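Chemist: build the 3D model from these lines:
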Amino acid sequence: MVVEFRHHTLPPLDDCLDALQPLIPHPTRSALHRCLHRHYTSRLPDVEGDGPKRQKFKHYPIEFFHIDIAEVQTAEV
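Modeler: Now for the predicted structure:
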């Protein structure tokens, strides 16, 4: 029941625990995670569009290398 609930609704682990507490006697977060891990559903599937777009660095000839420089300022400046 836990695996099917997670598979169809895709909530985070804590939300899944909250939703299933009335149905399962004395559930714990770790027991729920172990059950989902055993059935290969402990990680939610990656959703397209989530996270930043990753770009590769520009390729330079061998005698050059890429350096990123950033200035960090504190509130005391």
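Chemist: phi and psi next, for Arg38.
Modeler: With angles defined as degrees, to the nearest 10, Arg38 shows backbone torsions of phi -60, psi -30.
Chemist: could you list every helix and strand in contact with the strand or helix carrying Leu17?
Modeler: Element membership of Leu17, judged by DSSP states H and E, is helix 13-20. In terms of contacts (3 or more Cβ pairs under 8 Å, 6 or more residues apart in numbering; DSSP states H and E), helix 13-20 is packed against helix 2-9, helix 29-38. Backbone N, C-alpha and C define where each C-beta goes, glycine included.
Chemist: could you report the neighbour count for the residue found closest to Leu23 once you drop the neighbours it is linked to in the chain?
Modeler: Here the nearest residue to Leu23 in space, its sequence neighbours aside, is Met1; by Cβ to Cβ, 6 or more residues apart in numbering that works out to 7.2 Å. Using other Cβ atoms under 10 Å, Met1 has 8 other residues around it.
Chemist: please apply the same query to the one 4 residues further on.
Modeler: If you count neighbours by other Cβ under 10 Å, Phe5 ends up with 15.
Chemist: which residues sit in contact with it?
Modeler: The neighbourhood of Phe5, defined by Cβ atoms under 8 Å, 6 or more residues apart in numbering, consists of 16, 19-20.
Chemist: now rank those by neighbours and give me the top one.
Modeler: Neighbours here mean other Cβ under 10 Å. Within the contacts of Phe5, the largest count is held by Cys16, at 21 neighbours.
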